[in-house]
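> Structure, please.
(one chain, ligands or ions: 2)
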Amino acid sequence: MSPTVRRQNPIPVPARLVSGVTVSIPPSTTGSQPLTMAAADGPADGAAGGPRPVIEVAGLAKRYGEVEAVRGIDLTVRAGETFGFLGPNGAGKTTTIKILCTLANATSGSARVAGFDTATQRDAVRRNIGLVFQDTTLDGYLTAEQNLRFHAELYGVPKAAVLPRMRQVLDMVGLWDRKDSLVSTFSGGMQRRLEIARGLLHAPHVLFLDEPTVGLDPQTRSSIWAYINELKGREDITIFLTTHYMDEAEHCDRIAIIDHGQIVAIDTPEALKASIGKDRVQIQTADDQAAIAALAGTFGLDAAVHEGAVTFSVASGEQFVPRLFTELGIPIRSVSVSRPSLDDVFMSYTGKTIRDAEASGTDAMRQMAARFRGRR
Ligand SMILES: Nc1ncnc2c1ncn2[C@@H]1O[C@H](COP(=O)(O)OP(=O)(O)O)[C@@H](O)[C@H]1O
Ligand SMILES: [Mg+2]
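Ligands and ions are numbered 1, 2, ... in the order given. Predicted coordinates:
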């Protein structure tokens, strides 16, 4: 649209928060380019035309020799969404994210990120995205600050803007007071937090996180999620992440479940869980047999005693429980309602649990081969 967008604000916070005009810091190999970007390809999310999808993927496929890593994926991610790719090891998550980040070529199909084509407009895609990958790419013999300054240089962040922005992102991940420490002295969780800070330094439109918490202990995983959730509240950003942790997928606005290179289901976690069935209700009563008879007689429900409680399924447990108290006619001592989990969802769409899928021999072999090739 407009030929050139000049960055007005010296601090590289997302410019959309400042001016309402979509601009971003241009890529730079010298670190000294003027603060302009060629916008002939159009802005990232169409300031005039309303929000466009930030990620658009159509018929995407990727083959590595005999291996069909990605087999025809279609999806759209809207601005501001946290979108998760949930699937077992070897499902094609990293391959997809690499194509979106311009680090791998698709065999067929297309992908656009921030309005730019990942195959033909790589530079434009790159300056609009931040990456946090599974394997760390920090330099352990440099300090946290030096790592960030190096990144700022690569992305051409204006010199005067580096310090305030660095402070902002390091504060966010709780590492400002450790900026002078060597990264090699950081724990795994601190390194991951620093990588998230680095991925955000140049104020990207889209942050890609490939298995952001894999290998971290539960406490660190939950603190990383606290940072990601805080980030969503603070920056105008779209997050695309991959995970094979069910609980992690619960943090996403929408998830795609991917298995063997194909999306088998895509929706909000709640809707996916609702789609596969009913809630499970368990009640403790003064007289279980009478309760079972009353459930059948009053509500037409088929109940039985499991795990010491009268157990049955209903479409919406929360809404049913109040009726139960008023209409059952048998004293109830306790009630528990449980929802289907994303584990149940995966199982229902693929016929196996995510762990079964990961244990499958062929995938394990492919994984090992890929790791071997990746290690130069
Ligand atoms: N560079 C590669 N060469 C050959 N096969 C690969 C390569 N990268 C990934 N694969 C294979 O593609 C499939 C998908 O891998 P990947 O995208 O890494 O899955 P995920 O990230 O979901 O674990 C796997 O079978 C994997 O072994
Ligand atoms: Mg992966």
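
> Show me what residue of this protein gets nearest to ligand 2.
residue 94 (3.2 Å; CB to the ion). Where you see a C-beta, it was placed from the backbone N, CA and C, and this is true even at glycine.

> show me what contacts the residue lying closest to that residue once chain neighbours are set aside?
Setting aside the residues directly before and after it, residue 94 is nearest to residue 210 in space (CB to CB, 6 or more residues apart in numbering), at 5.6 Å. Residues in contact with residue 210 (CB atoms under 8 Å, 6 or more residues apart in numbering) are 93-94, 97, 131-134, 241-242.

> so where does the residue of the chain closest to ligand 2 fall, helix or strand?
In the assignment (DSSP states H and E), residue 94 maps to helix 93-100.

> how about that helix, does it reach ligand 1?
Yes. Residues of helix 93-100 contacting ligand 1 under CB under 6 Å from any ligand atom: 93-95.

> re earlier: can you tell me how far the residue of the chain closest to ligand 2 sits from residue 184?
25 Å (CB to CB, to the nearest Å).

> So between those two, which is more surrounded?
residue 94 (21 against 12; other CB atoms under 10 Å).

> For that one, give me the pLDDT.
Looking at residue 94, its pLDDT stands at 95.

> any idea how far it lies from residue 56?
Counting by CB to CB, the gap from residue 94 to residue 56 is 20 Å.

> Ok, residue 219 next?
For residue 219 relative to residue 56 (CB to CB), the value is 37 Å.

> the more surrounded of these two?
For the pair residue 219 and residue 56, the greater number of neighbours falls to residue 56 (17 against 9), based on other CB under 10 Å.

> wouldn't the more buried one be in contact with residue 116 here?
No. Contact status for residue 56 versus residue 116: not in contact, 10.4 Å apart, counting by CB atoms under 8 Å.

> give me the number of residues near the nearest residue to residue 192 once chain neighbours are set aside?
Spatial nearest neighbour of residue 192, chain neighbours left out: residue 224 (6.0 Å); criterion: CB to CB, 6+ apart. Per other CB under 10 Å, the neighbour tally for residue 224 reads 21.

> Contacts for whichever helix or strand residue 224 is part of, please.
Assigned by DSSP H and E, residue 224 belongs to helix 218-234. Contact partners of helix 218-234, identified using CB under 8 Å, 6+ apart, comprise 82, 172-174, 187-189, 192-193, 196, 200, 207, 209, 212-213, 216, 237, 239, 245, 248, 251.

> Cross-check the contact I'm expecting between residue 124 and residue 116.
Yes. Using CB under 8 Å, residue 124 is in contact with residue 116, at 4.1 Å.

> For the two, work out which one has more neighbours and name it.
residue 124 (26 against 22).

> the helices in the stretch 201-350 of the chain, which residues?
218-234, 246-249, 269-275, 288-294, 317-327, 342-350 (DSSP state H, counting those that start in this stretch).

> OK, contacts around residue 152?
162, 165-166, 201-202.

> before we move on, the earlier item: show residues contacting the helix holding residue 94.
Counting by CB under 8 Å, 6+ apart, 55, 57, 60, 62, 69-70, 73, 85, 87, 104-106, 111, 113, 118, 134, 208, 210-211, 240, 242, 244, 258, 261 sit against helix 93-100.

> Ends of stretch 60-72, what's the gap?
5 Å (CA to CA, to the nearest Å).

> Show me what counts as buried in it.
60-62, 67-71 (16 or more other CB atoms under 10 Å).
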